[in-house]
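Trainee: This is a predicted model, with the sequence first.
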Amino acid sequence: MKAAIIGGGVIGGGWAARFLLNGWDVAVFDPDPEAARKIGEVLDNARRALPALYDRALPAEGTLRLHDSLAPAVADADWVQESVPERLELKHKVHADISRLAPAQAVIGSSTSGFKPSELTAQGARVIVAHPFNPVYLLPLVELVGAADHCARAAGILRGVGMYPLTLRKEIDAHIADRLLEAVWRESLWLVKDGIATTAEIDEAIRMGFGLRWAQMGLFETYRIAGGEAGMAHFMAQFGPALEWPWTKLMDVPEFTPELVELIAGQSDAQSGHMSIRALERLRDDNLVGMMRVLKKTGTGAGGTIGAHETTLDLPSDDGLPVTVHRVIPSGWTDRNGRMNEARYLEIGAQATERFMEMIGCDAAHAAKGGGYVTQEDSLRYLAELHAGETVRVNSQVLLAEDSETRLFHRVFKADGTLAATVDTVLLHVDMATRRGAPPDGPMAARLHEFARAHAQMPWPEGARR
Ligand SMILES: NC(=O)C1=CN([C@@H]2O[C@H](COP(=O)(O)OP(=O)(O)OC[C@H]3O[C@@H](n4cnc5c(N)ncnc54)[C@H](O)[C@@H]3O)[C@@H](O)[C@H]2O)C=CC1
Ligand SMILES: C[N+](C)(C)CC(=O)CC(=O)[O-]
């Protein structure tokens with residue numbers, strides 16, 4: 001699959017990274033002589049962040065090509081994404097060219113933050129709004145607006161690269177999310193202009209409180225809880241009158257004077273000027289990855305999207321042994337010397353055990369029936385250093401499956417085939433009601449013994465105790 005990215009700035013660079021890291025080939029056209037450097041820097045950040053969201057490796061990265069005109073970039077493209085500056089006459093010109101040169105069946109999306117599809121297509125272009133959020137390689141949301149069949153095709157493709165398409169029921173200036181952001185932005189400009197708060201104080205007001213809530217429950221679910229046991233109706237009765245009070249200025253926009261720009265930019269420099277934009281991006285990405293990984297555990301919000309995408313990522317196969325882990329080491333897993341922390345070796349072993357259990361059918365349904373495995377012993381050998389960004393693969397051999405006891409031997413390999421660790425795990429199948437050992441039975445036992453019989457033909461692994 002090929003994506004053509006027209007305009008490779010902040011957003012185009014993010015789109016390029018999103019498609020590339022999901023295995024697509026990417027062609028970029030941007031007349032800026034600095035475009036290759038800028039996209040390279042965005043890609044470096046994306047490579048350390050996006051794979052860290054997943055406990056399975058993403059597909060092998062596609063190829064990136066930069067072109068010096070639009071025609072070769074869009075040739076044979078399955079998706080064309082325009083991300084040129086937010087000026088309608090420029091978008092019209094670029095979309096006239098794209099509509100003429102791109103394949104008829106290609107999805108054509110515009111990253112526009114605010115123009116409606118009817119404005120973009122006014123001169124006959126074939127384009128829908130596909131509005132993403134920065135950083136495009138990490139945040140799942142894409143607002144889709146425009147022709148229903150075009151949006152439906154776009155939605156399927158976006159899900160395939162781990163994104164969350166939200167198709168608008170009707171077009172409106174600035175879609176959904178930017179209308180909300182614009183309201184907060186306007187109020188914030190007033191608060192700074194009127195000397196009520198600094199940029200740093202406003203950021204604290206967001207990130208110490210409601211910003212944390214919004215990532216997991218949004219606005220309406222959060223306020224439903226705020227209504228107490230009586231829920232939303234009570235919340236509205238209590239806070240409805242505030243709509244009449246002078247709580248917002250909204251349509252009353254502060255004049256965009258050079259003084260206001262200087263005031264805001266000066267306070268922003270004082271707040272964050274000690275860090276480069278790229279370093280701020282890395283801090284933002286690490287925090288986003290951490291938060292989204294937590295949300296993945298409960299399947300909430302963006303975590304649900306990532307979890308669903310993860311199940312579509314295939315595990316490779318190994319000669320005769322099941323591959324139980326295939327993943328990239330996240331940057332948060334390393335110590336101050338940049339090596340993977342010792343506890344994470346065990347975590348990889350535990351992930352391998354977990355996956356093996358899923359393979360034999362020891363899953364949530366089995367737990368609901370009162371059965372499950374507990375680990376009795378782990379023997380871990382550290383054989384090679386592992387570093388952030390490396391891909392590891394684990395295969396698992398059944399050494400024993402007798403009565404209630406099962407023994408698994410996990411080999412952790414680096415991408416070049418070097419053995420990095422082995423984890424020898426002894427497990428006991430228990431009846432959760434009695435908390436005592438109880439042999440597995442039924443189809444689960446059959447699958448386990450099938451593995452055990454096949455693996456018994458293989459050599460005893462070096463390093464495994466007899
Ligand atoms: N920056 C943001 O937070 C977000 C921006 N957007 C939207 O994405 C679009 C792009 O915005 P940014 O990436 O922020 O702007 P940007 O200024 O970072 O990048 C725009 C790029 O387009 C290139 N360009 C200019 N004319 C071109 C042409 N004729 N053909 C190809 N490339 C051309 C420029 O050289 C530049 O690299 C806008 O429509 C904006 O509203 C959407 C979501 C978030
Ligand atoms: C400020 N902005 C209008 C360009 C913001 C967006 O369009 C989305 C985002 O990433 O915040």
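Mentor: Happy to help now that I have it. All of these numbers come straight from a predicted model, not from anything done at the bench. Ligands and ions are numbered 1, 2, ... in the order given.
Trainee: from here on, contacts and neighbour counts on C-alpha atoms
Mentor: Fine.
Trainee: Ligand 2 contacts on the stretch 51-200 of the chain?
Mentor: By the rule Cα under 6 Å from any ligand atom, the part of the stretch 51-200 of the chain lying against ligand 2 is Ser113, Phe133, Asn134, Asp178.
Trainee: Helix or strand: which one has the nearest residue to the third one once chain neighbours are set aside?
Mentor: If I follow you right, that is Asn134. Leaving aside its sequence neighbours, Asn134 sits nearest to Ile11 (Cα to Cα, 6 or more residues apart in numbering; 6.7 Å). Per DSSP states H and E, Ile11 falls inside helix 10-21.
Trainee: Residues contacting that helix, please?
Mentor: Applying Cα atoms under 8 Å, 6 or more residues apart in numbering, the set of residues contacting helix 10-21 from outside is 3, 5-6, 8, 25-26, 28, 38-39, 42-43, 46-47, 50, 58-64, 81-84, 111, 132, 134-138, 161.
Trainee: Kindly report the same for stretch 152-172.
Mentor: Stretch 152-172 is touched from outside by 18-19, 22, 107, 116-117, 139-146, 151, 175-176, 305-306, 309, with contacts defined as Cα under 8 Å, 6+ apart.
Trainee: for it, how far is the first residue from the last?
Mentor: Its first and final residues considered, stretch 152-172 spans 19 Å by Cα to Cα, to the nearest Å.
Trainee: buried ones in that stretch?
Mentor: If you call a residue buried by 16 or more other Cα atoms under 10 Å, then stretch 152-172 has these buried ones: 154-155, 157-159, 161-168, 171.
Trainee: Which members of the residues you listed occur in strands, if any?
Mentor: Tyr164, Pro165, Leu166, Thr167 (DSSP state E).
Trainee: Turn the residues you listed into TSV, including pLDDT.
Mentor: Converted to TSV, those look like this (pLDDT from 0 to 100):
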residue	pLDDT
Tyr164	98
Pro165	98
Leu166	98
Thr167	98
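Trainee: ok, those vs Gly124, which is closest?
Mentor: Thr167 (21.8 Å; Cα to Cα).
Trainee: Any idea what the closest one is bridged to?
Mentor: Using DSSP bridges, the bridge partners assigned to Thr167 are Leu144.
Trainee: re the thing from before, are any of the contacts of stretch 152-172 buried, and which?
Mentor: 18-19, 22, 107, 116-117, 139-146, 151, 175, 305-306, 309.
Trainee: helix, strand or coil for the residue nearest the centre of the chain?
Mentor: The geometric centre of the chain, computed from its C-alpha atoms, lies nearest to Leu138 (Cα atoms, centre = their mean), at 4.4 Å. At Leu138 the chain is in coil, as set by DSSP: H, G, I helix; E, B strand; the rest coil.
Trainee: Mind jotting down where the strands sit in the stretch 251-400 of the chain?
Mentor: Along the stretch 251-400 of the chain, counting by DSSP state E, counting those that start in this stretch, strands occupy 323-328, 371-382, 391-402.
Trainee: so what's Glu86 up against?
Mentor: Glu86 makes contact with Thr112, Ser113, according to Cα under 8 Å, 6+ apart.
Trainee: which residue sits closest to the residue in the stretch 201-350 of the chain that ligand 1 sits nearest to, ignoring its sequence neighbours?
Mentor: For the stretch 201-350 of the chain, the residue closest to ligand 1 is Glu281, as judged by Cα to the nearest ligand atom, at 12.4 Å. Distances taken as Cα to Cα, 6+ apart put Asn45 closest to Glu281, at 7.7 Å, once the chain neighbours are dropped.
Trainee: just checking, that neighbour touches Leu280?
Mentor: No - counting by Cα atoms under 8 Å, Asn45 stays clear of Leu280, with 10.7 Å between them.
Trainee: Please say which of these two ends up with more neighbours.
Mentor: Legend: neighbour count by other Cα atoms under 10 Å for Asn45 and Leu280, higher for Asn45 (20 against 14).
Trainee: how many other residues sit next to whatever residue of the stretch 151-300 of the chain ends up closest to ligand 2?
Mentor: Using Cα to the nearest ligand atom, the closest approach of the stretch 151-300 of the chain to ligand 2 is made by Asp178 at 5.7 Å. Residues near Asp178, counting by other Cα under 10 Å, number 16.
Trainee: before we move on, back to that, which element is the residue nearest to Glu281 on?
Mentor: Using DSSP H and E, Asn45 sits in helix 35-49.
Trainee: what helices or strands is that helix leaning on?
Mentor: If you count contacts as 3 or more Cα pairs under 8 Å, 6 or more residues apart in numbering; DSSP states H and E, helix 35-49 packs onto helix 10-21, helix 277-298.
Trainee: can these go into JSON lines with extra columns for distance to Lys249 and mean pLDDT?
Mentor: Listed next are those as JSON lines, based on distance: least, Cα to Cα, whole Å; pLDDT from 0 to 100:
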{"stretch": "helix 10-21", "distance to Lys249": "30", "mean pLDDT": "98"}
{"stretch": "helix 277-298", "distance to Lys249": "30", "mean pLDDT": "96"}
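Trainee: Return the most buried member of those.
Mentor: When the helices and strands packed on helix 35-49 are scored by mean count of other Cα atoms under 10 Å, the highest mean neighbour count falls to helix 10-21 (a mean of 26).
Trainee: hmm, back to that, what's the most distant pair in the ones in strands among the buried residues of stretch 152-172?
Mentor: For these, and using Cα to Cα, no pair is farther apart than Tyr164 and Thr167, which are 9.7 Å apart.
Trainee: Just the local confidence number for Lys369, please.
Mentor: Lys369 carries a pLDDT value of 89.
Trainee: any idea how far it lies from ligand 2?
Mentor: Distance, Lys369 to ligand 2, by Cα to the nearest ligand atom, to the nearest Å: 45 Å.
Trainee: Ok, Ala421 next?
Mentor: Taken as Cα to the nearest ligand atom, the span from Ala421 to ligand 2 is 41 Å.
Trainee: what helices or strands is whichever helix or strand that residue is part of leaning on?
Mentor: Assigned by DSSP H and E, Ala421 falls within strand 419-431. Applying 3+ Cα pairs under 8 Å, 6+ apart, one finds that strand 419-431 contacts helix 342-360, strand 371-382, strand 405-414, strand 436-437.
Trainee: Could you export these as CSV, including distance to Thr222?
Mentor: What follows is the helices and strands packed on strand 419-431, written out as CSV (distance: least, Cα to Cα, whole Å):
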stretch, distance to Thr222
helix 342-360, 33
strand 371-382, 36
strand 405-414, 43
strand 436-437, 43
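Trainee: right, so these: which one is the most enclosed?
Mentor: Burial among the helices and strands packed on strand 419-431, expressed as mean neighbours by mean count of other Cα under 10 Å, is greatest for strand 405-414, which shows a mean of 23.
Trainee: got the helices and strands packed on strand 419-431 as CSV, with distance to ligand 1 columns?
Mentor: Rendered in CSV, the data for these read as follows (distance: least, Cα to the nearest ligand atom, whole Å):
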stretch, distance to ligand 1
helix 342-360, 35
strand 371-382, 44
strand 405-414, 37
strand 436-437, 56
